[in-house]
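Participant: Test case, fold it:
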Amino acid sequence: MLFANEDQRLFQRMQLDTKIILATAQTRVEGVCRNISATGALMEVTAGHCQVGEEWQLVVPSADNSVEPLKAMATILRVESGTATDMVGLSLSEVR
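Facilitator: The predicted model follows:
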């Protein structure tokens, strides 16, 4: 018998608490990545910086200089607004 997983996602999420950067040619936003999977991420940023539909470059810096940072293109899927911070759901593509 197979038991259904409560989280019916294609990829499992890895819980994190690490610095993450969103950037465009004009803007740079730093935040904290709360979880990440092969196709998405959830991050916490200062309120008011991200809007649904925007595209950003995402960078997860490496703790070791000999390892390249994780980079991807990120599209904002949802923003859960808070008083001081927003929780931002991202769809990732072109992960490298």
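Participant: For the rest of this, base every contact and every neighbour count on C-alpha atoms.
Facilitator: Fine.
Participant: mean confidence score for stretch 31-46?
Facilitator: Across stretch 31-46, the average pLDDT comes to 93.
Participant: Can you check the distance spanned by that stretch, start to finish?
Facilitator: 7 Å (C-alpha to C-alpha, to the nearest Å).
Participant: do the same with stretch 37-54
Facilitator: 20 Å.
Participant: And stretch 53-62, by the same measure?
Facilitator: Length of stretch 53-62, first residue to last, C-alpha to C-alpha: 27 Å.
Participant: So the residue nearest the centre of the chain, which state does it fall into?
Facilitator: Centroid-nearest residue in the chain: Ala41, 3.4 Å away (criterion: C-alpha atoms, centre = their mean). Here Ala41 is strand, with the state taken from DSSP: H, G, I helix; E, B strand; the rest coil.
Participant: If it is in a bridge, with which residues?
Facilitator: Note on Ala41: beta-bridge partners by DSSP bridges are Ile36, Leu90.
Participant: my guess is it meets Gly89, correct?
Facilitator: Yes - look at Ala41 against Gly89 with C-alpha atoms under 8 Å: they come within range, at 6.0 Å.
Participant: which neighbours do these two share?
Facilitator: Overlap of the contact sets of Ala41 and Gly89 (by C-alpha atoms under 8 Å, 6 or more residues apart in numbering) is empty.
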